[in-house]
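Trainee: Following is a predicted model, sequence given first.
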Amino acid sequence: MAIIKPFKAIRPAKDKVSFVASKSYQSYSRRELNCQLSYNPFSFLHIINPGYKYSKSVSGQERFQLVHNRYLEFLEEDIFLKDGNPCLYLYQVENEHFSCCGLFCGTSVAEYQNNTIKKHEDTIQRREKLFADYLNTVKFNAEPVLMTYADDNNIGEIIATEKESEPEYRFTTTDSVCHTLWVISDTNTIHSLQTAFKAIAALYIADGHHRSASSNLLAKKLQEANQSHTGKEPYNFFMSYLIPESEIHIFEFNRMIKDLNGLTKQAFLVRLDAVFRITNRGATLYKPTKKHHFSMYLDGEFYSLYLRKKVFDFTDALSALDTQILYKTVLEPILGIHDLRKDKRIRYGHGKHNVIKMKDEIDKGTFTVGFGLVPTNISEIKAIADAGLVMPPKSTYIEPKLRSGLTIYEL
């Protein structure tokens with residue numbers, strides 16, 4: 001079963017919420033970041049970039065402590081307010097092309113440990129420890145883990161009813177996304193949602209593997225240090241955003257490679273021919289349309305690559321994944337790329353216009369060859385997670401990308 005926990009969220013004052021909520025720090029260009037920090041004193045970016053106040057670059061424990069200090073200042077100045085009772089928070093994100101609605105709640109570290117909360121990505125221990133140390137110092141969690149669950153009529157009906165009430169927040173950000181948040185404070189409704197989620201067999205992490213792993217690491221550390229540990233302490237849970245499978249959007253990452261690993265174009269195509277049926281599609285932009293079908297851009301031309309049925313064995317869910325197929329048939333054996341995270345000869349791209357960007361990068365000589373894939377689907381993600389397997393890096397680009405600072409979970 002899936003446990004969801006209401007919590008007393010720290011939230012922006014209603015008149016300041018549109019100024020507080022921020023995109024992830026990494027998504028801002030340097031110019032955008034400086035603009036936000038210079039002209040928006042309410043931005044959550046001031047908390048996670050605390051050195052700006054002193055025109056100083058800070059890192060490590062010094063930064064963590066200053067983040068905590070900036071957070072306290074936002075509370076002292078009533079930019080942030082704390083709910084008096086534990087609540088669940090219904091949050092909808094929508095624009096012209098996209099809509100999803102889900103719950104901010106606490107999810108259980110114990111369920112992460114027993115695999116009721118399922119993973120499909122590897123995490124890096126150094127990053128786990130770094131973020132666990134960060135959480136231990138700042139004492140709050142402002143970036144929820146995005147999880148998905150099988151569509152459920154009972155949950156859907158409760159959510160639909162709640163959406164008929166007046167929201168706490170409704171605002172539109174400069175990227176034309178409308179954000180709406182309802183506070184679910186009624187104890188009967190909370191109990192109904194908790195009961196409905198108990199019928200959900202598993203939650204699947206879509207985005208936030210390092211955040212959940214770090215929360216788990218911190219919980220173990222604090223449990224060992226707490227002789228009066230009960231299992232009900234805030235550190236036994238971490239903030240998540242749960243949406244049904246039908247509302248998650250998954251996009252692909254393309255792969256761009258700097259060279260052909262010493263091969264000529266002709267020799268490279270001959271090597272590919274052993275594994276794929278190859279068709280030259282000319283200079284017109286071309287994208288693959290189905291599984292085990294890839295596009296390639298090389299020397300000013302697009303090619304379609306269809307996997308030959310009898311040359312590659314599907315032994316499990318991972319082996320049937322297109323990112324794994326491309327790795328095992330092309331990137332590793334032909335192009336000599338063994339470490340998909342660290343090899344500097346490969347770069348990944350995503351986005352609506354990424355085929356054009358990939359073509360431009362190759363045409364100007366930054367890269368030599370590029371590969372396009374169809375998006376991984378939710379069934380593949382679940383099959384990988386259920387089998388305890390791990391996807392290759394950059395197998396999925398998942399939306400929604402959540403704003404920071406809308407609801408904060410105190411540890």
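Mentor: Received, thanks. Numbering: from 1, shown residues only.

Trainee: which strand is the longest one in the protein?
Mentor: strand 99-108 (DSSP state E).

Trainee: Give me the buried positions along the following helix or strand past it.
Mentor: Sequence-wise, the next helix or strand downstream of strand 99-108 (DSSP states H and E) is helix 109-113. Residues 109, 111, 112 are the ones in helix 109-113 that count as buried (16 or more other CB atoms under 10 Å). C-beta coordinates here come from the backbone N, C-alpha and C atoms, glycine included.

Trainee: Go through the residues you listed and name the one nearest residue 225.
Mentor: For the buried residues of helix 109-113, the residue nearest residue 225 by CB to CB is residue 109; the value is 15.0 Å.

Trainee: what about that closest one, distance to residue 388?
Mentor: Relative to residue 388, residue 109 is positioned 19 Å away (CB to CB, to the nearest Å).

Trainee: circling back: which residues belonging to the longest strand of the chain are considered buried?
Mentor: Per 16+ other CB under 10 Å, strand 99-108 contains these buried residues: 100, 101, 102, 103, 104, 105, 106, 107, 108.

Trainee: How about stretch 347-366?
Mentor: So for stretch 347-366, counting by 16+ other CB under 10 Å, buried means 347, 349, 354, 355, 357, 358, 359, 361, 362.

Trainee: I'd like those written out as TSV, with distance to residue 29, pLDDT and secondary structure added.
Mentor: Below are the buried residues of stretch 347-366 laid out as TSV (distance: CB to CB, whole Å; pLDDT from 0 to 100; DSSP: H, G, I helix; E, B strand; the rest coil):
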residue	distance to residue 29	pLDDT	secondary structure
347	18	96	strand
349	16	92	strand
354	18	87	helix
355	22	91	helix
357	16	93	helix
358	20	95	helix
359	23	95	helix
361	18	95	helix
362	23	97	helix
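
Trainee: Save those residues as a markdown table, and put in distance to residue 394 too.
Mentor: Formatted as a markdown table, those follow (distance: CB to CB, whole Å):
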| residue | distance to residue 394 |
| --- | --- |
| 347 | 10 |
| 349 | 9 |
| 354 | 12 |
| 355 | 16 |
| 357 | 15 |
| 358 | 14 |
| 359 | 19 |
| 361 | 16 |
| 362 | 18 |
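
Trainee: Which of those residues sits closest to residue 156?
Mentor: The closest of these, once distances to residue 156 are taken by CB to CB, is residue 354, at 33.1 Å.

Trainee: quick one: the residue lying closest to the closest one once chain neighbours are set aside and residue 43, what's the gap?
Mentor: In space, residue 354 comes closest to residue 254 once its chain neighbours are excluded; the distance is 5.5 Å by CB to CB, 6 or more residues apart in numbering. Applying CB to CB, one obtains 32 Å for the distance of residue 254 from residue 43.

Trainee: where's residue 2, which helix or strand?
Mentor: Using DSSP H and E, residue 2 falls outside every helix and strand.

Trainee: Surely it is in contact with residue 196?
Mentor: No: Residue 2 sits out of contact with residue 196 when judged by CB atoms under 8 Å, with a separation of 9.4 Å.

Trainee: Got phi/psi on the most centrally placed residue in the chain?
Mentor: By CA atoms, centre = their mean, the mean C-alpha position of the chain lies nearest to residue 207, the distance being 2.8 Å. Per-residue torsions, residue 207: phi -150, psi 130 (degrees, to the nearest 10).

Trainee: Kindly confirm whether my reading is correct that residue 167 touches residue 180.
Mentor: Yes: at 4.9 Å, residue 167 counts as touching residue 180 under the criterion of CB under 8 Å.

Trainee: and residue 255, how many neighbours?
Mentor: Using other CB atoms under 10 Å, residue 255 has 27 neighbouring residues.

Trainee: Report the separation between it and residue 368.
Mentor: Distance from residue 255 to residue 368, by CB to CB: 12 Å.

Trainee: Now do the domain split for this protein, please.
Mentor: Domain segmentation of the chain under automatic domain parsing yields 4-250+399-410, 253-374.

Trainee: Same list (those domains) but as TSV, adding distance to residue 392.
Mentor: Listed next are the domains of the chain as TSV, based on distance: least, CB to CB, whole Å:
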stretch	distance to residue 392
domain 4-250+399-410	9
domain 253-374	5
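
Trainee: Which parts of the stretch 251-400 of the chain are helices?
Mentor: 265-273, 322-326, 354-363, 378-386 (DSSP state H, counting those that start in this stretch).

Trainee: Redo those helices as CSV? Include distance to residue 172.
Mentor: Listed next are the helices of the stretch 251-400 of the chain as CSV, based on distance: least, CB to CB, whole Å:
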stretch, distance to residue 172
helix 265-273, 47
helix 322-326, 35
helix 354-363, 26
helix 378-386, 28
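
Trainee: Residue 284 is nearest to which of the ones you listed?
Mentor: helix 354-363 (10.6 Å).

Trainee: still on that earlier bit, residue 238 is nearest to which of the helices of the stretch 251-400 of the chain?
Mentor: Taking the helices of the stretch 251-400 of the chain one by one with CB to CB, helix 378-386 is closest: 17.9 Å.

Trainee: Which pLDDT value goes with the residue lying farthest from the centre of the chain?
Mentor: Computed with CA atoms, centre = their mean, the maximum C-alpha offset from the centroid of the chain is found at residue 266, amounting to 39.2 Å. At residue 266, the model reports a pLDDT of 97.

Trainee: Check the one 4 residues further on too.
Mentor: Note for residue 270: predicted pLDDT of 97.

Trainee: and residue 311, what does it touch?
Mentor: Counting by CB atoms under 8 Å, 6 or more residues apart in numbering, residue 311 makes contact with 274, 275.

Trainee: and if you look at the one 5 residues further on?
Mentor: Taking CB under 8 Å, 6+ apart as the definition of contact, the neighbours of residue 316 are 387, 389.

Trainee: Let me know the distance separating it from residue 117.
Mentor: With CB to CB as the criterion, residue 316 and residue 117 are 22 Å apart.

Trainee: For the residue nearest to residue 371 when sequence neighbours are not counted, list each beta-bridge partner.
Mentor: In space, and not counting its chain neighbours, residue 371 is closest to residue 255: 4.6 Å by CB to CB, 6+ apart. Per DSSP bridges, the residues bridged to residue 255 are residue 348, residue 371.

Trainee: gap between residue 255 and residue 268?
Mentor: 15 Å.

Trainee: Then residue 260?
Mentor: 5 Å.
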